[in-house]
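Participant: fold the following.
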Amino acid sequence: MSRLVLCSVLLASCAHPDPGAVPLRRLTPTELNNTLRDLLGLSGDGWYDEQHPYDEESGAVAWPWAFTPDVPVDGMEGMAEGQVVSPVFAEQVERAATHFSTYTATAPRFWVCEPEDLDADALSACAHESVLKLAARAWRRPLTKDETERLTLAFDAWEREHGTLDAITLASRALLQTPQFLYLVEDGAPGRREAFALASRLSYTLWDSMPDAALFQAADRGHLGSEREVRREVRRMLADPRARQAVAHFHRQWLGLDGLQTRRTDLATHVARYAPDLATQDPYEALELWSGALNGLRSAMLQEVDLFVTTTVFDGPGTFDALLTGDRGWVGTVDVDGELTVDTAALYPGSTVLDGPVVRSELYDGNYGYGLSLAPAQHPADRRAGVLTLAAPLAARAHPTGPAPILRGAFVLDRVLCTSPGSPPDGAALTPPPDLPADATGRERVEALTAPDACAACHRTLNPLGFAFEAYDALGGWRDTDAGRPVDSSGTVVLDGEAVAFDDAVGLAGLLAASTRARDCYATRWARYALGDASIALDDPRFKAVRERFRADGDVRGLLEELAVTEAFRFRGGAL
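Facilitator: The predicted structure is shown next:
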């Protein structure tokens, strides 16, 4: 090999180091529903719901469709390791394809012509073209010559036997069950991501859905080949309302809120504060209404998290610091089927309702209907600081009668600092609690329970993080006392190699917001989410520049843009 050729090879390898393997990732239930919506032109209150709001055979609400969720890996859906295809999921896909294909011929985004008043030959020709366009959009790339021929032959056969409209249904049903629709398939040799694959990577990271017409056009014209062009598309996409939904969805997963609605919360302990009207009712009726009140209250909590995240990221400072230290929130009322009204302000004593639009929504859980009404509020700066002190993340980690400092501490250690909280020693769950006075505080009981040497090594780090949130009860509401004594939320934690003290959750939130470790962890979680790979390490060299910039400015939208222009995102190595 000549020196000139050798130098060229070396320069090429330096310019494009291996970006890493690409896992074959299936669309998540969220992405499948969003893709069906955008592929066919559905909407939450649009043409589909008016025509056929329920699936009569399964009894399920037809929109969104109920798919078996991914197994969470690293707390997130969309990770390749958690996407085992079960027989149940395969059946759900088949039923969904059968169901939605029935309406393809009336979908707003199917026809490439105006089918009304066409003769049979013209309608057939338009249907052929429309099916090929549907396939290209469903597979999120142009069809190959062989694919076009096979799909055309299949459609011809279905049309001869069943007629044009039924052939459209059969073609749609088949397309919605293909691997090309269900998976983010990236064909071709390693190198720069094929333009349409990159378009899909962008859309499913920033929108949880398929590319739109503009993104398809950019890929088709070769306008995603440079870093500058990718940045332009990312900025356009972040200005779309779908980005707000996707960012809120990421944070629900980061905060581990999926299990919130299934938490048990004791009626007797909390009824006087959160549902005083139930105190005098028949106990059995009160229990049923209490479960409804909890569902409604928790729905309001989740909506508050979404509002806090989206307004902070898209309308406010947009920084990691603001996510962890902001003192705005939302309070209002939850009407439980006209039988009970719960005031969410009970969670936030001292908060002030602000002028601004009131967010209203209607929900139904299969038993009760809920009317939610939330208004912007200013929380006391000495009681709330950022998303970690909103009610939802706190209520998601609580015991029926009170807070769970071990669960809350483990959450901060894992989700915010990317540090394993460790595993309890064998038999820890069977260890009887220590014999303490009846007026012992929850903090004292946890300290005594975790004092043995076998526990102390981990709990010296874990407990202080959990104790920071002792001023919040089992539903995340503020409390000043525990067992009749002032709450102690102080502690010391090692962050970035330095032991630092805090007085309460507000103080801890400020320390976490400034922590290099916490910022690196947040950036890494976005990288894992974007690539569907939970094995990406905190010090992965492919994202070094991303981490360094995020340490410096904490800009969340900037973080997403920087991730999108990394070689790991824009290039591909071998497949996993």
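
Participant: switch to C-alpha atoms for all contacts and neighbour counts from now on
Facilitator: Noted.

Participant: got any ranges where the chain has weak pLDDT?
Facilitator: 1-18, 20-21, 43-63, 187-192, 427-430, 573-576 (pLDDT under 70).

Participant: if we use 50, what do you get?
Facilitator: Applying pLDDT under 50 to the chain picks out residues 1-16, 44-61, 575-576.

Participant: name the single longest helix found in it.
Facilitator: Longest helix in the chain by number of residues (criterion: DSSP state H): helix 283-310.

Participant: helix or strand right after that one?
Facilitator: helix 320-325 (DSSP states H and E).

Participant: so which elements touch that next one?
Facilitator: helix 505-514 (3 or more Cα pairs under 8 Å, 6 or more residues apart in numbering; DSSP states H and E).

Participant: after the helix it packs on, heading C-terminal, what element do we hit next?
Facilitator: helix 516-531.

Participant: now for Arg479: which residues touch it?
Facilitator: Each residue near Arg479 by Cα atoms under 8 Å, 6 or more residues apart in numbering is listed here: Ala471, Tyr472, Asp473, Val487.

Participant: quick check: the two most widely separated of these?
Facilitator: Asp473 and Val487 (11.0 Å; Cα to Cα).

Participant: separation between His223 and Ser203?
Facilitator: Distance of His223 to Ser203, computed by Cα to Cα, to the nearest Å: 15 Å.

Participant: okay, those two: which has more neighbours?
Facilitator: The residue with more neighbours, out of His223 and Ser203, is Ser203; 22 against 17, by other Cα atoms under 10 Å.

Participant: surely that one meets Phe216?
Facilitator: No. When contacts are counted by Cα atoms under 8 Å, Ser203 is not listed as touching Phe216 (10.3 Å).

Participant: separation between the nearest residue to Ser203 once chain neighbours are set aside and Thr102?
Facilitator: Nearest non-adjacent residue to Ser203, counting by Cα to Cα, 6 or more residues apart in numbering: Pro211, 5.2 Å away. To Thr102, Pro211 is 24 Å away according to Cα to Cα.

Participant: repeat for Pro432
Facilitator: Taken as Cα to Cα, the span from Pro432 to Thr102 is 59 Å.

Participant: can you pick out the residue with more neighbours from the two?
Facilitator: Using other Cα under 10 Å as the criterion, Pro432 and Thr102 rank with Thr102 on top: 17 against 8.

Participant: ok, the more buried one - contacts?
Facilitator: Thr169.

Participant: let's have the chain start at 720 instead
Facilitator: Sure, I'll start numbering at 720, so the last one becomes Thr821.

Participant: need the three-state assignment for the residue lying closest to Tyr1083 once chain neighbours are set aside.
Facilitator: Nearest residue to Tyr1083, sequence neighbours excluded (Cα to Cα, 6+ apart): Tyr1089, at 6.1 Å. Assigned by DSSP: H, G, I helix; E, B strand; the rest coil, the conformation of Tyr1089 is strand.

Participant: tally up the residues packed near Tyr1089, please.
Facilitator: Counted with other Cα under 10 Å, Tyr1089 comes out at 26.

Participant: next up, the contacts around it.
Facilitator: Neighbouring residues of Tyr1089 by Cα under 8 Å, 6+ apart: Gly1015, Val1053, Asp1054, Val1055, Asp1056, Glu1081, Leu1082, Tyr1083.

Participant: ChimeraX command for the buried members of these?
Facilitator: In ChimeraX syntax, the buried subset of the contacts of Tyr1089 is picked out as below (16 or more other Cα atoms under 10 Å):
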select :1015,1053,1054,1055,1056
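
Participant: can I get the contacts of Tyr1089 in CSV including distance to Val790 and secondary structure?
Facilitator: Compiled in CSV, these are given as follows (distance: Cα to Cα, whole Å; DSSP: H, G, I helix; E, B strand; the rest coil):
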residue, distance to Val790, secondary structure
Gly1015, 26, helix
Val1053, 31, strand
Asp1054, 33, strand
Val1055, 32, strand
Asp1056, 33, coil
Glu1081, 29, strand
Leu1082, 26, strand
Tyr1083, 25, strand
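
Participant: turn the contacts of Tyr1089 into TSV, columns for distance to Thr825.
Facilitator: Output for the contacts of Tyr1089, formatted as TSV (distance: Cα to Cα, whole Å):
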residue	distance to Thr825
Gly1015	36
Val1053	38
Asp1054	37
Val1055	37
Asp1056	35
Glu1081	28
Leu1082	28
Tyr1083	28
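
Participant: between the contacts of Tyr1089, which is nearest Trp877?
Facilitator: Relative to Trp877, the closest of the contacts of Tyr1089 is Tyr1083; by Cα to Cα it sits at 40.6 Å.

Participant: which residues touch stretch 929-941?
Facilitator: 753-754, 757-758, 859, 914-915, 918-919, 921-923, 943, 952.

Participant: got it, and stretch 1132-1139?
Facilitator: For stretch 1132-1139, the external contacting residues (Cα under 8 Å, 6+ apart) are Trp973, Leu974, Pro1140, Leu1181, Leu1184, Arg1236, Ala1237, Cys1240, Tyr1241, Leu1257.

Participant: now with 10 Å, please.
Facilitator: Residues outside stretch 1132-1139 that contact it (Cα atoms under 10 Å, 6 or more residues apart in numbering): 793-794, 972-975, 1107, 1126-1127, 1129-1131, 1140-1141, 1177, 1180-1181, 1184-1185, 1214, 1231-1232, 1234-1241, 1243-1244, 1256-1257.

Participant: list only buried entries from those residues.
Facilitator: Using 16+ other Cα under 10 Å, the buried ones in these are 793-794, 972-975, 1107, 1126-1127, 1129-1131, 1140, 1177, 1180-1181, 1184-1185, 1214, 1231-1232, 1234-1241, 1243-1244, 1256-1257.

Participant: ok, back up a step: turn the contacts of stretch 929-941 into JSON lines, including distance to Glu848 and secondary structure.
Facilitator: Converted to JSON lines, the contacts of stretch 929-941 look like this (distance: Cα to Cα, whole Å; three-state DSSP):
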{"residue": "Asn753", "distance to Glu848": "24", "secondary structure": "helix"}
{"residue": "Thr754", "distance to Glu848": "21", "secondary structure": "helix"}
{"residue": "Asp757", "distance to Glu848": "19", "secondary structure": "helix"}
{"residue": "Leu758", "distance to Glu848": "16", "secondary structure": "helix"}
{"residue": "Arg859", "distance to Glu848": "16", "secondary structure": "coil"}
{"residue": "Ala914", "distance to Glu848": "23", "secondary structure": "helix"}
{"residue": "Phe915", "distance to Glu848": "20", "secondary structure": "helix"}
{"residue": "Ala918", "distance to Glu848": "23", "secondary structure": "helix"}
{"residue": "Ser919", "distance to Glu848": "23", "secondary structure": "helix"}
{"residue": "Leu921", "distance to Glu848": "27", "secondary structure": "helix"}
{"residue": "Ser922", "distance to Glu848": "25", "secondary structure": "helix"}
{"residue": "Tyr923", "distance to Glu848": "27", "secondary structure": "helix"}
{"residue": "Leu943", "distance to Glu848": "27", "secondary structure": "coil"}
{"residue": "Glu952", "distance to Glu848": "29", "secondary structure": "helix"}
